[in-house]
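Enquirer: Would you be able to build a 3D model of this:
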Amino acid sequence: MSAPITNQPKRSGGTQTSDWMDMPKSPPNCPAGLEYLTMIDQLYLYQKVDVLETLIGLDAKFAFTVKNSTGEKIYNIKENSFWLTRCLCGQNRPFDINIIDKYRNKVIHLHKPFSTYINRMKVSAPPGTEIGTVDEEGFFFPSYIIKNATGSTTFRIESPLQSRICSEATFPIKSGDGSLQVGEIYKYWWGCLGAVREILTDADYFRITFPMDLDIKMKAVMLGACILINSSIGKSSNAPGQ
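Expert: Alright, predicted model coming up:
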């Protein structure tokens with residue numbers, strides 16, 4: 001039997017990878033492409049906005065660059081959805097999202113079906129192998145329930161009570177029973193000038209923190225949870241008191 005592949009080859013004619021994180025050694029039973037998350041306890045998500053779609057009033061596809069704490073790229077995130085679906089359904093739309101590494105390999109897949117009230121997202125790594133789900137509970141200030149592949153609740157993410165538009169917001173990540181905080185999803189505010197940018201372009205900037213020794217698959221599900229939260233913010237931003 002041949003030895004397992006721990007490094008993915010660079011495709012011919014590929015893009016420059018000097019600003020990307022080097023792949024660490026793969027731990028046992030690690031889905032291909034999640035090796036990058038082994039020695040990570042923070043992830044930064046920078047949203048990329050399609051200005052043309054924004055100007056014509058169309059809900060833009062989700063697109064993020066994921067970086068580590070030193071600014072090295074880890075993944076690109078790209079939504080796959082039809083423009084008419086985004087136009088008609090807005091925040092309620094179904095979508096598929098591919099999370100891609102520096103070699104353009106699809107390493108994580110996110111799927112959200114159409115919803116009118118409660119959102120649910122399936123997370124697969126590699127694509128086709130479900131490793132967990134994120135379920136939204138409530139509306140104005142929802143919680144997000146993270147479950148593993150067997151359906152057991154592992155974590156709960158709570159919504160903040162403060163405004164989420166033109167302000168910073170912290171979403172605490174707690175244990176399944178809610179007794180212990182283990183991390184957080186933090187939404188940055190761009191500042192006074194950035195407030196205009198955020199309102200007009202819906203461009204967000206997030207930081208996710210979690211324990212270094214957290215199961216690597218759950219780190220990937222946390223990444224999916226951040227995307228679902230970003231998707232849900234628009235639906236609940238007009239809630240009373242916000």
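
Enquirer: tell me how far the ends of stretch 177-184 are from each other?
Expert: 16 Å (CA to CA, to the nearest Å).

Enquirer: If you average the pLDDT over it, what comes out?
Expert: In this model, stretch 177-184 has an average pLDDT of 96.

Enquirer: With stretch 71-79 instead?
Expert: pLDDT averaged over stretch 71-79 gives 94.

Enquirer: Not counting that stretch itself, show me its contacts.
Expert: Residues from elsewhere that reach stretch 71-79, judged by CB atoms under 8 Å, 6 or more residues apart in numbering: 19-21, 36-37, 40, 43, 45, 61-68, 95-102, 107-108, 223, 227. To be clear about C-beta, it is placed using only N, CA and C from the backbone, and glycine gets the same treatment.

Enquirer: Now restrict these to buried residues only.
Expert: Neighbour-count burial (16 or more other CB atoms under 10 Å) applied to the contacts of stretch 71-79 gives 20-21, 36-37, 40, 43, 45, 61-62, 64, 66-68, 95, 97-102, 107-108, 223, 227.

Enquirer: Spell out the secondary structure type for the nearest residue to D41 once chain neighbours are set aside.
Expert: In space, D41 comes closest to M212 once its chain neighbours are excluded; the distance is 4.3 Å by CB to CB, 6 or more residues apart in numbering. Secondary structure, DSSP: H, G, I helix; E, B strand; the rest coil: M212 is coil.

Enquirer: Now do the helices in the protein.
Expert: Remark: helices assigned in the chain by DSSP state H are 51-55, 83-89, 191-201, 216-236.

Enquirer: looking at the ones you listed, which has the lowest confidence?
Expert: helix 191-201 (a mean of 46).

Enquirer: Show me where this structure has its strands.
Expert: Remark: strands assigned in the chain by DSSP state E are 42-47, 63-67, 73-80, 95-100, 106-112, 120-124, 130-137, 143-148, 153-158, 169-175, 181-187, 205-209.

Enquirer: now Q181: how far from P24?
Expert: Between Q181 and P24 the computed distance is 27 Å (CB to CB, to the nearest Å).

Enquirer: more neighbours, those two?
Expert: P24 (14 against 11; other CB atoms under 10 Å).

Enquirer: Just confirm the more buried one contacts T38, I think it does.
Expert: Yes. Counting by CB atoms under 8 Å, T38 is a contact partner of P24 at 5.3 Å.

Enquirer: contacts for stretch 170-183?
Expert: 144, 152-160, 184-187, 208-211, 214, 222, 229.

Enquirer: for it, how far is the first residue from the last?
Expert: Using CA to CA, first and last residues of stretch 170-183 are 10 Å apart.
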